[in-house]
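> how would this look folded up:
(chains A and B)
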Amino acid sequence: MTETQRRIVAEAWAFRTGVEREAADRFARLATAISRFDAPSPLPALMRRAAEDEQRHAALCLEEVAAACCITETESVATLTTLLAEEVEPGVEKVLRTIARDEVAHGRMGWAHLAREAARYDVSFLSSWIPAMLSGTVEETLFLEAPQDRDLLRHGVLPPSRKKAIFARTLEEVVLPGLETFGIDAGPARAWLSARIH
Amino acid sequence: MLFRKLFRMLVLGGAAVGANAGCSTAQAQQATEKKEDARSAMDGGTGAPQGSEAKADAGAGGGVQGW
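This is a model prediction of the structure:
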């Protein structure tokens, strides 16, 4: 997936979270309104169930944003800024700087959306979903021993051990504290990481 | 240091962006509410739309955005 595609996808899923929340609120309002003037109607019960469905859909949309932006984009920014601190080829540096600017915006977009959702709703359910998101973020080969070729660094490729270390520290010091800031227990994610790193 | 900076830039920076968006939404909502209060005072609380606004409302259809 290209950077532009990833941004569009994240924006779409953030928008859809809102659509689903609004639908849930609307069904709940209609259920109340209908029961006031047509008490025997079966519709309010159906609408309350529909409202629950929409809340569940909103949660699924939020999961997409958290996985795409809060985790993947944040990890990307960490990798890019690490590379930019190294001596890389001038052409490579230019590319890295351009991508880094965009990635920062994409990462912030996810954290902004999560902050807004957390201010209005309980998003703690994401806690148990984070390990699956993490598994989808990286190849398991990241955690295996691999040959180190430091010459690749100036071409913008981190040695595997460095890549693994940055991934882990970004999780431990940025992503997981970030999730905790918004009331999401990072315990399951820490266990996932611990099983692979230590 | 790098990671602390990333936390501030992405997590706290993103939260600030989200909060500011909330402020602008809230401000817009307050402005709308004030406008509605003013209209209510003018029409004696009937809520009847006025002039061209009535036409615009009639054509708006109250649509709901989906996916």
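
> what about the residue of chain A found nearest chain B, helix or strand, and which?
Residue nearest to chain B within chain A: residue A:111 (2.7 Å; C-beta to the nearest C-beta). (Glycine included, C-beta is placed from N, CA and C.) Assigned by DSSP states H and E, residue A:111 falls within helix A:90-120.

> In that helix, which residues are buried?
The neighbour-count check on helix A:90-120 (16 or more other C-beta atoms under 10 Å in any protein chain shown) flags A:92-93, A:96, A:99-100, A:102-118 as buried.

> where's residue A:191 relative to residue A:40, distance?
From residue A:191 over to residue A:40 the distance is 51 Å, taken as C-beta to C-beta, to the nearest Å.

> More neighbours: the two, which one.
Each of residue A:191 and residue A:40 has its neighbours counted (other C-beta atoms under 10 Å in any protein chain shown); residue A:191 has more, 11 against 5.

> what number of residues lie near the closest residue to that one other than its chain neighbours?
For residue A:191, ignoring the flanking residues on the chain, the nearest one in space by C-beta to C-beta, 6 or more residues apart in numbering or on different chains is residue A:131 at 7.5 Å. Neighbourhood size, residue A:131 [other C-beta under 10 Å]: 16.

> Need the residues that contact the one helix or strand residue A:131 maps to.
If you go by DSSP H and E, residue A:131 is part of helix A:130-137. Helix A:130-137 is contacted by residues A:63, A:66-67, A:71-72, A:75, A:171, A:179, A:184, A:186, A:188-189, A:191-193 when judged by C-beta atoms under 8 Å, 6 or more residues apart in numbering or on different chains.

> what's the most distant pair in those?
For these, the farthest-apart pair by C-beta to C-beta is A:72 and A:191; their separation is 20.2 Å.

> What's the local residue count around the nearest residue to residue A:9 once chain neighbours are set aside?
Excluding its sequence neighbours, the residue lying closest to residue A:9 (C-beta to C-beta, 6+ apart) is residue A:68, at 6.1 Å. Residue neighbour count, defined by other C-beta under 10 Å, stands at 24 for residue A:68.

> From what I see, residue A:68 and residue A:14 are in contact.
No - judged on C-beta atoms under 8 Å, residue A:68 makes no contact with residue A:14 at a distance of 9.4 Å.

> Now do the shared contacts for those two.
Common contacts of residue A:68 and residue A:14 (C-beta under 8 Å, 6+ apart): residue A:110.

> for the residue of chain B found nearest chain A, what are its contacts?
Evaluated by C-beta to the nearest C-beta, chain B has residue B:14 as its residue closest to chain A, separated by 2.7 Å. Contact partners of residue B:14, counting by C-beta under 8 Å, 6+ apart, are A:107-112, A:114-115.

> Let me know the secondary structure of residue B:66.
Following DSSP: H, G, I helix; E, B strand; the rest coil, residue B:66 is assigned to coil.
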